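A.B. asks: got a predicted structure plus its sequence, pasted below:
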Amino acid sequence: MELLGYWRLMNVPRPGRAERLGRLVGLRVLRIPGTRRTLVVAGSTDRLRDLMLLPASLAATTRVTVVVAYWRAPRRGWSGRVGPLEHLCRQRVALPGRGRGIATVGVRLSRAVQLREVLRAGLAALVPDRPLPSPARPSVTSRGRPPAYLPSGGSVLLGELVGSPEIRAHDILLQPPGTGGVAPDTPPYAVGWDSSRHGLRASDAAPAVLVDALRVNPRGRRPDCYGPDTPRVRLDFAPAVRRPRPGRAYPLDGPGLTAPVLAALRRTGVVDCPRVPDAEPVAVAALLVQIAMTGAVLSVPALPERVAALVAPELRTLLADPVPERGTLALEARSVRQRRAALRGHATGLALPRLASAVFPRLGPVPSVSALLTTRRPERLPEAVRMLLAQTYPEMEIVLCLHGVELPEAVRVALAGSGRPYEIVRVSGTASFGEALGAATERARGSLVSKFDDDDSYAAEHLWDLVLARHYSGATLVGKGSEFVYLQARDVTLRRPSGSAESDCTVVAGGTILIARGDLEAVGGWRPVPRSVDFGLLDRVRRDGGGLYRTHPLGYVYHRRATGHTWDPGEDYFLADAHARWPGLPPEVLAETAAEARSGIDPPVPRPVPGGRPRAGRRFGG
C-alpha cells in the first residue's frame, strides 16, 4: 500500500546509552506456533506502549512473558505489582536488584485474552499507573483498529459489543469512518462517533485531534535541553514517492511519535518546522501537538488554515510567537506554556470527557480540586488568598483552615465575591499542624487535594501544572521541587539543584503536594505532628507502594524571610550552591512572559459557580 506521506527529524541529538540499548533490542513479538504462548521483548517500557497501538496487540493469548531489556525503577525500593487481569492463574515479576537492568513479567491465564490487556496489566508492575479520579465518567468502546489516542494505561473495551439486559453495552462507541452510524444492534441512546487514527468527529462538529498523554508527555526533560549549545532539530515533511528506510522517516498514517523519537525529543530544545503541508491535516496537526506535548519548543512560521483549525487556540497562538533565544529562562518558560496548552487542549483523558459533556452534561471534563491553606499568620492571608483566587483551574474550591487565628475582614470580602466555592475551618491554636490539615481535608469536597503554603509564591497556572502531571505520570502524589528560592532580605531569586524535574522521585516541595483524597486517606492521611507533616505524608505514600513524581519547577517560588521559619539554616545555605540568580522575582520564573508581567494581563476567569453562600447551594465538581 502506498504511503500517504512521511515526516522525519533532522539533526537530532545523539542518543544516550539507555536509548542505544533500546534501539538495539527494539520491539519483538514472538508467538510459538500451534499455541497461544507469546514472548514480547522490548528495549524499554515506551516500546511496550508502542506495541499496544499495533494490530499484534489484539491477538488472543493465554501465556505471556514480557522482557524489558533496560528498565529503571521509578524510585528506590519500587515494588510494583501486576494490574487487574481477568482469568489470571499465575504471575511472576522479576526486577533487577540495583533498580536498573532487565525486568521480566510473566502471566498465565485460564482463558485467552487480548495481548493488549496483558501489556496494560504488566505495565502496572513496571511504572506508576494511577488514573485521574472522577466521580462519574463514560465508558469507551472501540471497534476496528485501535486509535493511537486511546489511553494505553486505561481500561478501554476493544472489539465487538457485548449486550446486557441490565445496562447498555457502552456509553461512547468509536468506529471507523464510513460505518454508517451506530450499529442497529446497539441501544438508541448510545453515542457513536467516527474515529480515525488521531482524532474523532462528534456529530456534525469539526474533527478533534486527540493524543494519549500516558505515551506522549514531557517526562524525562532536563533544564540543559534549553542551553545555548543544544542543536536545533528540523521537522521535514515529504510526499511518499517511495517507502523510506526504517528509522529514517515515519509515515503520516502511523502512530506519530514512537519510543525512539520520544527519546530524541527529550534531549531537544527547539524544533524548527519551516513548512507545514496542507495535505492530511488531522495527521499533521496530531504530529505537531505530540511534539509540543514533549516540551520541545516548536518554531512554526505559518500554519495552513486546515491544520490550524484543528489545533487548540491557546497552542495555536503560542506556535505563532517568536521562539526566545536559547540559553535563556524565557525559552524554558515557553516550553512549559506550550506543553501545558497541548496537554489540556488535546490529551485524551481531558479532551474526550470535554467532548462527551455535550451528551453527558453533568460529567465534568476535569477532576475537582480542593486547595488546602492552613495558617496561623493572618497578616499573610491577603496575599496567599489572592494567589489562590488567581488560579486558572476551573474546578477548584478553597479550604481555608484558621489555626487559632481570626479571619481578616478583607479576606472574607474577597472570598465572598470571588465566585469560587470556599470553606472556612477553625481549629484551636493548640492543635498540631497535622491535625489542622486533617480537619481541613475532612471538610474538602474535591476528588484531588493540593496543599498551599501561606508564605510562598504560586503562578496562576500552578494547579493546572499539578493536575496535568498527575494525569500523564500516573503517580499517586505529584509536586514541584524547591528549585527557585526568593531571599526577601536581599531581594534576589536563586536557582538551586533540587533533583531532576519531570521524573519519578522520592521528595517534592511540601507546598506543592497534590494527591487524590481517596489515596490520601488510604495511606492514613496527615500525621498529627507539629512539624515535618509533608515529609510524613511522603513517607507514608512510599511505604504504601505509591509513586511520586516531580514536574517542572516553574510557577512555584520558595520564600525565605527574616523570621517565621521552623527550619532556618541561614541564607548562606541557599547561596552556596545556587547556579543562577536574578534581581527581584523574574516573571519567567512564574512561567509568564515579560510582556504579560508589564501589562498586568489578568489570568483566565474561572467558570463561575452558581449560588451565593460558601457551602450551601454551591455547585462544585460537576
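C.D. replies: Yep, it's here. Residues are numbered from 1 along each chain as shown.

A.B. asks: I'd say residue 448 and residue 518 touch.
C.D. replies: No. Residue 448 is beyond contact range of residue 518, at 9.5 Å (criterion: Cβ atoms under 8 Å). Just so you know, the C-beta spots here come from the backbone N, C-alpha and C atoms, and that holds for glycine as well.

A.B. asks: now the common contact residues for those two.
C.D. replies: Taking Cβ atoms under 8 Å, 6 or more residues apart in numbering as the criterion, residue 448 and residue 518 both touch residue 133.

A.B. asks: neighbour count winner among these two?
C.D. replies: Set residue 448 next to residue 518 and count neighbours by other Cβ atoms under 10 Å: residue 448 wins out with 28 against 10.

A.B. asks: tell me which residues form a beta bridge with that one?
C.D. replies: Beta-bridge pairing for residue 448 (DSSP bridges): residue 369, residue 516.

A.B. asks: pLDDT score assigned to it?
C.D. replies: Per-residue pLDDT puts residue 448 at 98.

A.B. asks: how near is it to residue 134?
C.D. replies: Remark: distance between residue 448 and residue 134 (Cβ to Cβ, to the nearest Å) = 10 Å.

A.B. asks: any residues in contact with both of those two?
C.D. replies: Shared contacts of residue 448 and residue 134 (Cβ under 8 Å, 6+ apart): residue 367.

A.B. asks: next, give phi and psi for residue 470.
C.D. replies: Dihedral angles of residue 470 (phi, psi; degrees, to the nearest 10) stand at phi -60, psi -40.

A.B. asks: residues contacting residue 5?
C.D. replies: 237-240, 251-252, 277, 279-280.

A.B. asks: residue 280 versus that one, what's the distance?
C.D. replies: Applying Cβ to Cβ to residue 5 and residue 280 gives a distance of 6 Å.

A.B. asks: which neighbours do the two share?
C.D. replies: Residues within reach of residue 5 and of residue 280 at once, by Cβ under 8 Å, 6+ apart, are residue 252.

A.B. asks: ok so, going back, and the contacts of residue 5, which of them are buried?
C.D. replies: 237, 251-252, 277, 280 (16 or more other Cβ atoms under 10 Å).

A.B. asks: elements contacting the helix or strand hosting residue 289?
C.D. replies: Under the criterion of DSSP states H and E, residue 289 resides in helix 281-294. Packing contacts for helix 281-294, counted by 3 or more Cβ pairs under 8 Å, 6 or more residues apart in numbering; DSSP states H and E, involve strand 208-209, strand 233-238, helix 259-265, strand 297-299, helix 305-308, helix 313-320, helix 329-346.

A.B. asks: can those go into JSON lines with extra columns for mean pLDDT and distance to residue 483?
C.D. replies: Formatted as JSON lines, the helices and strands packed on helix 281-294 follow (pLDDT from 0 to 100; distance: least, Cβ to Cβ, whole Å):
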{"stretch": "strand 208-209", "mean pLDDT": "94", "distance to residue 483": "33"}
{"stretch": "strand 233-238", "mean pLDDT": "92", "distance to residue 483": "26"}
{"stretch": "helix 259-265", "mean pLDDT": "93", "distance to residue 483": "22"}
{"stretch": "strand 297-299", "mean pLDDT": "95", "distance to residue 483": "20"}
{"stretch": "helix 305-308", "mean pLDDT": "94", "distance to residue 483": "35"}
{"stretch": "helix 313-320", "mean pLDDT": "94", "distance to residue 483": "23"}
{"stretch": "helix 329-346", "mean pLDDT": "95", "distance to residue 483": "11"}
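
A.B. asks: and the ones you listed as TSV, adding distance to residue 23?
C.D. replies: Output for these, formatted as TSV (distance: least, Cβ to Cβ, whole Å):
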stretch	distance to residue 23
strand 208-209	28
strand 233-238	17
helix 259-265	6
strand 297-299	25
helix 305-308	31
helix 313-320	30
helix 329-346	25
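
A.B. asks: and residue 69, that's in a strand?
C.D. replies: Yes. With DSSP: H, G, I helix; E, B strand; the rest coil as the criterion, residue 69 is part of a strand.

A.B. asks: surely it is in contact with residue 42?
C.D. replies: Yes. Counting by Cβ under 8 Å, residue 69 touches residue 42, with 7.0 Å between them.

A.B. asks: need the overlap of contacts for those two.
C.D. replies: Both residue 69 and residue 42 are in contact with residue 25, where contact means Cβ under 8 Å, 6+ apart.

A.B. asks: these two - which one has more neighbours?
C.D. replies: The residue with more neighbours, out of residue 69 and residue 42, is residue 42; 26 against 18, by other Cβ under 10 Å.

A.B. asks: good, we can wrap up now.
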